[in-house]
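>>> my questions concern the predicted model and sequence given below.
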Amino acid sequence: MAGTKDPRDSRLNVARYQVDKLTPTADAAEPDKSDANAAGQSMIEARAQYVEMAIQQAIRRGDFDNLPGAGKPLPNLQNAYDPDWWIRQKIESEKITGLGPPALTLRTEHAALDARLDATTSAETVREILEDFNRRVIAARRQLQGGPPVVTPTRDVAAEVSAWRERRDARSRVLAELREREAAALAALTWRERRRARRGQ
């Protein structure tokens with residue numbers, strides 16, 4: 001709006017005034033090369049002083065407090081150079097799925113495959129998912145579409161189905177134990193406490 005004045009304008013005007021004050025004014029006469037070099041050097045120093053002053057003021061205002069990544073090490077310093085680092089970083093930061101070179105998408109899918117299998121309810125579906133995954137890994141290794149080399153391993157279907165059954169049985173046992181504990185705790189209560197517990201649900 002035209003009537004409102006931005007409070008940053010006064011700070012900007014003060015900073016401009018200080019820069020103009022530190023910057024030497026040119027003489028009316030034509031300066032020689034040594035004077036021009038000295039003037040250029042003093043202008044660089046004046047700008048450096050202004051930048052340092054602006055940084056110190058920003059620190060005092062707290063503009064640099066709580067920045068994302070503060071106090072954390074720089075990511076991926078331990079990894080070897082990867083020419084496709086920016087693609088992988090973009091996919092990870094944006095949580096993009098299904099896009100990018102097969103080497104990266106298959107690696108991401110491989111990491112989340114167990115959770116995907118655990119969400120299924122039948123061994124046939126587990127086999128179909130694993131066979132489809134293996135087929136795509138083998139096709140990507142042929143490098144027909146180019147891109148980085150595929151290092152994602154295929155999965156042994158029989159072993160994965162067996163591991164899926166073991167994980168499912170372990171989850172069932174844990175749930176059964178929890179239900180037994182809840183039933184035992186409920187049986188130990190008096191009828192009034194049981195009624196209160198049911199009302200609380």
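Structure's in. What do you need? Numbers count the residues shown, from 1 in each chain.
>>> so is Pro153 in a helix, a strand, or just coil?
When classified by DSSP: H, G, I helix; E, B strand; the rest coil, Pro153 comes out as coil.
>>> contact partners for Arg155?
With contacts defined as C-beta atoms under 8 Å, 6 or more residues apart in numbering, the neighbours of Arg155 are 113, 130, 133-134. For every residue, glycine as well, the C-beta is placed using N, CA and C.
>>> separation between it and Glu193?
In this structure, Arg155 and Glu193 are 50 Å apart, going by C-beta to C-beta, to the nearest Å.
>>> got the domain boundaries for the protein?
According to the domain assignment given by automatic domain parsing, the chain is divided into the following structural domains: 9-24+41-63, 95-200.
>>> the ones you listed: which one's closest to Asn76?
With C-beta to C-beta, the closest approach to Asn76 among the domains of the chain belongs to domain 95-200: 14.1 Å.
>>> please work out the average pLDDT along that closest one.
Confidence over domain 95-200, taken as the mean pLDDT, stands at 85.
>>> now find how far off-centre that domain is within its chain.
Centroid separation between domain 95-200 and its chain, computed with C-alpha atoms, centre = their mean, to the nearest Å, is 23 Å.
>>> repeat that for stretch 44-52.
The gap between where stretch 44-52 is centred and where its chain is centred comes out at 35 Å by C-alpha atoms, centre = their mean.
>>> let me see the contact set for the nearest residue to Pro102 once chain neighbours are set aside.
Nearest-residue entry for Pro102: Ala140, 3.7 Å, with adjacent residues in sequence omitted and distances by C-beta to C-beta, 6 or more residues apart in numbering. Contact analysis of Ala140 by C-beta under 8 Å, 6+ apart lists 102-103, 106, 150, 152.
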